[in-house]
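Asker: Sequence plus the predicted model coming up.
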Amino acid sequence: MYNGSGGDLIFFEKIIKSFLLQKEKLHKKNVIFKVVIGPFSKNKERILNFSKKNKQILPILNCHNLNDILFDANLFVGSAGVSSFETALNKVPSILFQVNNNQKVQSKYMEKIGHYIILKLRDLYTYEKISKLILLAKIQYRRFLYLSKAREFSVDFNGTKRILENITKKNINKRIDNKANKKLIEKQYIRKVNDKDINHYLYSRNLKLNRNQTTTLNKITPIDHYIWWFITKRISYVLIKNNKRILYFYHENIFNNKTYNYFLSGWFACHRNCGIREILYALNWQKKMKLNVAKSKQKIIWLGAIKNNNKFSMKLSKYIGWKRLNEKNSCSKILKKYYNVNRGLVYYSR
């Protein structure tokens, strides 16, 4: 854990205490918190005193090179300054906080060097949520490790050499662009959503056109999204068209009994080119897909919920064979419990 040379360490103290209070005793064992104390760190005495009472806290003093302690680290939690490059160099899964203006870089650029978990300064105050995310990193470490290696650019010590090679390269200004000579061939396909979609999924979900169709207009915060992402049972897919993500759609088994398996279905746009053709293509694909159920004899019932002022989705649902449910219907009761709302939604099944 590192909060820069002069950051406040009280955040780390509270995060660690919250972590140690969690119920999952088995997963808390063998976790050592190495807290790097910078030369100008605030509240460093609190960490030093805390470490005397708990052997799981190891304060690091006089650290002049972060690489010296990152090489054997499993997870990094700290500010997204120069340390974001040092953790990328060491391929360490990271939970980064953009605490200063010069650290505010869009997630799509951070992803290029293997950083997918990017939080804001205000998230530092959500101690319980951060501690939960750290615990999830331990429980599902393979997924976090995969993200740290899912990079477009490698960080190493050869940057200067590559810059010089590009400067001296012949014909550097000559570019062959064949795109203008090629006719645009429309390529459309569907793939399963993976962890590399984590930030784009959040960005799309928070688009105003999608928030207007939900029970709340508030944006989902990154910390809440990351926690949800690593515990959800939802299975999502994305429609790709001309190498661009156009539409997300999903299903989730929310209830079952001896006779039926109830699957929740939904979708939301993630590109301005998402139209009726793309939506129908995805929903028809979903309708034909085979779902694994616990017992082969169980029947599948698809369920959906639409905001009561969303006339477009209501017409579309009727067109593709969904039936509106009476509020007294048992399926409506299941959905009300799932969404935890009494008004504002209309329920459908097929």
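Answerer: The structure has been received and is ready for your questions. Numbering: from 1, shown residues only.

Asker: can I assume residue 113 is in contact with residue 88?
Answerer: Yes. Using CB atoms under 8 Å, residue 113 is in contact with residue 88, at 4.3 Å. C-beta coordinates here come from the backbone N, C-alpha and C atoms, glycine included.

Asker: between these two, what contacts are shared?
Answerer: Residues touching both residue 113 and residue 88 by CB atoms under 8 Å, 6 or more residues apart in numbering: 151, 155.

Asker: out of those two, which sits in the busier spot?
Answerer: Set residue 113 next to residue 88 and count neighbours by other CB atoms under 10 Å: residue 88 wins out with 21 against 17.

Asker: Quick check: end-to-end length of stretch 255-266?
Answerer: 16 Å (CA to CA, to the nearest Å).

Asker: and it, which residues are buried?
Answerer: 255-256, 261-266 (16 or more other CB atoms under 10 Å).

Asker: Repeat that for stretch 274-294.
Answerer: Buried residues in stretch 274-294, counting neighbours by 16+ other CB under 10 Å, are found at 274, 278-279, 281-283, 286.

Asker: So which of those residues sit within helices?
Answerer: Among the buried residues of stretch 274-294, the members falling in helices are 278-279, 281-283, 286 (criterion: DSSP state H).

Asker: Domains in the chain, by residue range?
Answerer: The record's domain parsing of the chain by automatic domain parsing lists 10-149, 188-349.

Asker: Point out the most buried one among those domains.
Answerer: domain 10-149 (a mean of 17; mean count of other CB atoms under 10 Å).

Asker: start to end distance for it?
Answerer: Counting by CA to CA, you get 31 Å between the two ends of domain 10-149.

Asker: cool, and stretch 336-349?
Answerer: 14 Å.

Asker: what stretches of the stretch 251-350 of the chain score poorly on pLDDT?
Answerer: For the stretch 251-350 of the chain, the stretches with pLDDT under 70 are 292-296.

Asker: what ranges do the strands span in it?
Answerer: Remark: strands assigned in the stretch 251-350 of the chain by DSSP state E, counting those that start in this stretch are 260-269, 299-307, 323-324, 345-349.

Asker: swap in the chain?
Answerer: For the chain, applying DSSP state E gives strands covering 33-36, 57-60, 76-79, 94-98, 118-120, 188-192, 235-241, 244-256, 260-269, 299-307, 323-324, 345-349.

Asker: need those in CSV with distance to residue 128, can you?
Answerer: Below are the strands of the chain laid out as CSV (distance: least, CB to CB, whole Å):
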stretch, distance to residue 128
strand 33-36, 16
strand 57-60, 18
strand 76-79, 15
strand 94-98, 14
strand 118-120, 14
strand 188-192, 31
strand 235-241, 26
strand 244-256, 25
strand 260-269, 28
strand 299-307, 29
strand 323-324, 40
strand 345-349, 29
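
Asker: So which of these is nearest residue 208?
Answerer: strand 260-269 (11.2 Å; CB to CB).

Asker: Report the distance from the closest one to the chain centre.
Answerer: Relative to its chain's centre, strand 260-269 lies at 20 Å (CA atoms, centre = their mean, to the nearest Å).

Asker: what's that strand packed up against?
Answerer: helix 198-205, helix 208-211, strand 244-256, helix 276-288, strand 299-307, helix 330-339 (3 or more CB pairs under 8 Å, 6 or more residues apart in numbering; DSSP states H and E).

Asker: distance of the nearest residue to residue 241 once chain neighbours are set aside from residue 204?
Answerer: Spatially, and ignoring its direct neighbours in sequence, residue 241 is nearest to residue 188 (4.7 Å; CB to CB, 6 or more residues apart in numbering). Noted for residue 188: a distance of 18 Å to residue 204, by CB to CB, to the nearest Å.

Asker: swap in residue 117?
Answerer: Between residue 117 and residue 204 the computed distance is 18 Å (CB to CB).

Asker: and what of residue 134?
Answerer: Going from residue 134 to residue 204 by CB to CB gives 26 Å.

Asker: for the domains of the chain, which one sits closest to residue 162?
Answerer: For residue 162, the closest of the domains of the chain is domain 10-149, at 14.6 Å, according to CB to CB.

Asker: Show the average pLDDT along that closest one.
Answerer: For domain 10-149, the mean pLDDT works out to 91.

Asker: How much space separates residue 342 from residue 333?
Answerer: Per CB to CB, residue 342 is found 11 Å from residue 333.

Asker: To clarify, my last question referred to residue 207.
Answerer: 31 Å.

Asker: before we move on, what about residue 32?
Answerer: Separation of residue 32 from residue 333 (CB to CB): 48 Å.

Asker: what's the answer for residue 281, then?
Answerer: Residue 281 sits at a distance of 32 Å from residue 333 (criterion: CB to CB).

Asker: quick one: stretch 131-146 to chain centroid distance?
Answerer: The answer for stretch 131-146 is 12 Å, by CA atoms, centre = their mean.

Asker: hmm, I was thinking of stretch 119-133
Answerer: Its chain's C-alpha centre and that of stretch 119-133 lie 14 Å apart, by CA atoms, centre = their mean.

Asker: Over to stretch 31-48?
Answerer: 29 Å.

Asker: ok, back up a step: can you tell me which of the domains of the chain is nearest to residue 164?
Answerer: domain 10-149 (19.6 Å).
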